[in-house]
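Engineer: What would the 3D arrangement of this be:
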Amino acid sequence: MSIRSDNRHLYLQVIDRLKQDIEEGIYKEKEKLPSEFDLAKHLGVSRATLREALRILEEENVIIRRHGVGTFVNSKPLFTSGIEQLNSVTDMIKQAEMIPGTIFLSSSTQSPTEEDIRRFSCSINEEMVVMERVRTANGEPVVYCIDKVPEIILPETFSHGKESIFKILEEEANRKITYAVAQIEPIGYHEKISPILECDPETALLVLKQMHFDETDEPVLFSVNYFKADKFSFRVLRKRF
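Structural biologist: All right, here's what the predicted structure looks like:
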């Protein structure tokens, strides 16, 4: 069925039509779309118009193109959060009505790097506790986490029993995190982390770097979280001033 029903640019109509077809299950998650020739003919548009629509859909992570293989419908994110909301990974998984889990990879005490000294305003003699973990949802690995905390903040009774680092700091160190400064960036396949998260070669990662502060504005936690881009979606509310 051709799509020439309104006065908008044709590629915008193609985008809406393909999104609708995906929503209605005509094209299912991870299913390969018809060839460009067949799809353009089906929609009654030129291949140039179709390619522009597909380019934008790829940018929006609605589809994924695999060179020499074809174009596929991306899986819908299981976890969606506003980047302005400071939620722990545990809370995000629970909000999706899934069971959070943790695989502890390592925990060590290290001398601070130059970046650590700058971030935490600490001295070169103040050691850092570095934890590496994989967070799971219903048993599936979804986030690779690296957390750094000044050793002086943590009590001698510190343990890894709790899954949420926020709860560890609040209940064992009496430090309540109230806000964070965040930086998010996409990356491609990571030789170490992508296999741990069981990513396909085409699956990108979203890296969220956050410096967390407590109620007294003291930096208490620096975390680097690698999210599977096909499982997580972050949005942000922007206001005009």
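Engineer: and F232, how many neighbours?
Structural biologist: For F232, the neighbour count with other Cβ atoms under 10 Å is 21. Backbone N, C-alpha and C define where each C-beta goes, glycine included.
Engineer: What ranges does this protein have for its strands?
Structural biologist: Listed in chain order, the strands of the chain (DSSP state E) span 63-66, 70-73, 79-82, 100-110, 128-137, 140-150, 177-187, 205-214, 219-228, 232-235.
Engineer: residue ranges with poor pLDDT in this structure?
Structural biologist: 1-7, 76-85, 157, 159-163, 235-241 (pLDDT under 70).
Engineer: re earlier: quick one: which of the strands of the chain is nearest S121?
Structural biologist: S121 sits nearest to strand 219-228 of all the strands of the chain, at 7.1 Å, using Cβ to Cβ.
Engineer: which other helices and strands contact the closest one?
Structural biologist: Strand 219-228 sits against helix 114-120, strand 140-150, strand 205-214, with contacts defined as 3 or more Cβ pairs under 8 Å, 6 or more residues apart in numbering; DSSP states H and E.
Engineer: Roughly how far does the residue lying closest to N138 once chain neighbours are set aside sit from D91?
Structural biologist: Of all residues not flanking N138 in the chain, M98 sits nearest, at 4.9 Å (Cβ to Cβ, 6 or more residues apart in numbering). Distance of M98 to D91, computed by Cβ to Cβ, to the nearest Å: 12 Å.
Engineer: do A48 as well
Structural biologist: For A48, the distance to D91 - Cβ to Cβ - is 45 Å.
Engineer: cool, and F104?
Structural biologist: F104 is 19 Å from D91, by Cβ to Cβ.
Engineer: okay, these two: which has more neighbours?
Structural biologist: Between F104 and D91, D91 has the larger neighbour count (other Cβ under 10 Å), namely 15 against 11.
Engineer: ok, so what distance separates that one from S164?
Structural biologist: In terms of Cβ to Cβ, D91 sits 8 Å off from S164.
Engineer: ok, T49 - contacts?
Structural biologist: By Cβ atoms under 8 Å, 6 or more residues apart in numbering, the contact list for T49 reads 10-11, 14, 40.
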